[in-house]
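A predicted structure for the sequence below; I have some questions about it.
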Amino acid sequence: MFHKMIVMKLFLKYLGIIIVLLGVCILAIPFFMGILSNQWLVVGGSFVVLGFLAYVLINKYI
């Protein structure tokens, strides 16, 4: 039981960074595929901002 709590805390600690990296990957998809749509940019940018906020807030309380 104690081991699972440690693993969950470590996962939560890096959750914001994982979301930011996911957003960066989403931003890279239209660049490499040559897609000219702002939808990908909005979604990727949202993931980056939400990941940053999650990183700051989660690490403040853990």
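Thanks, I have the structure now. These figures come from a predicted structure and were not determined experimentally.

middle-most residue in the chain, spatially?
Taking CA atoms, centre = their mean, the centroid of the chain lies closest to residue 19, which sits 1.0 Å from it.

show me what contacts it?
Residues near residue 19 by CB atoms under 8 Å, 6 or more residues apart in numbering: 47, 50, 51, 54, 55. (Glycine included, C-beta is placed from N, CA and C.)

element containing it?
According to DSSP states H and E, residue 19 maps onto helix 2-33.

Next SSE downstream of that helix?
Taking DSSP H and E, what comes next after helix 2-33 is helix 38-61.

now that following helix: how far from the chain's centre is it?
6 Å (CA atoms, centre = their mean, to the nearest Å).

Buried residues of that helix, list them for me.
40, 44, 47, 48, 51, 54, 55 (16 or more other CB atoms under 10 Å).

between that helix and helix 2-33, how many degrees?
Following axes from the mean of the first three to the mean of the last three CA atoms, to 10 degrees, one obtains 150 degrees for the angle between helix 38-61 and helix 2-33.

Put the alpha carbons of helix 38-61 into PDB.
Extracted in PDB, the C-alpha atoms of helix 38-61 (Å, rounded to 0.1, in the frame of the first residue of the first chain):
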ATOM      1  CA  ASN A  38      -5.500  26.700 -36.300                       C
ATOM      2  CA  GLN A  39      -7.400  23.900 -34.500                       C
ATOM      3  CA  TRP A  40      -4.200  22.000 -33.800                       C
ATOM      4  CA  LEU A  41      -2.500  25.100 -32.600                       C
ATOM      5  CA  VAL A  42      -5.400  25.900 -30.200                       C
ATOM      6  CA  VAL A  43      -5.400  22.300 -28.800                       C
ATOM      7  CA  GLY A  44      -1.600  22.100 -28.500                       C
ATOM      8  CA  GLY A  45      -1.300  25.500 -26.900                       C
ATOM      9  CA  SER A  46      -4.100  24.700 -24.500                       C
ATOM     10  CA  PHE A  47      -2.300  21.500 -23.400                       C
ATOM     11  CA  VAL A  48       1.000  23.500 -22.900                       C
ATOM     12  CA  VAL A  49      -0.700  26.100 -20.800                       C
ATOM     13  CA  LEU A  50      -2.800  23.600 -18.800                       C
ATOM     14  CA  GLY A  51       0.300  21.400 -18.300                       C
ATOM     15  CA  PHE A  52       2.300  24.400 -17.000                       C
ATOM     16  CA  LEU A  53      -0.500  25.300 -14.600                       C
ATOM     17  CA  ALA A  54      -0.900  21.700 -13.400                       C
ATOM     18  CA  TYR A  55       2.900  21.500 -12.800                       C
ATOM     19  CA  VAL A  56       2.900  24.600 -10.700                       C
ATOM     20  CA  LEU A  57      -0.200  23.900  -8.700                       C
ATOM     21  CA  ILE A  58       0.500  20.200  -8.100                       C
ATOM     22  CA  ASN A  59       4.100  20.800  -7.000                       C
ATOM     23  CA  LYS A  60       2.900  23.600  -4.700                       C
ATOM     24  CA  TYR A  61       0.700  21.200  -2.700                       C
END
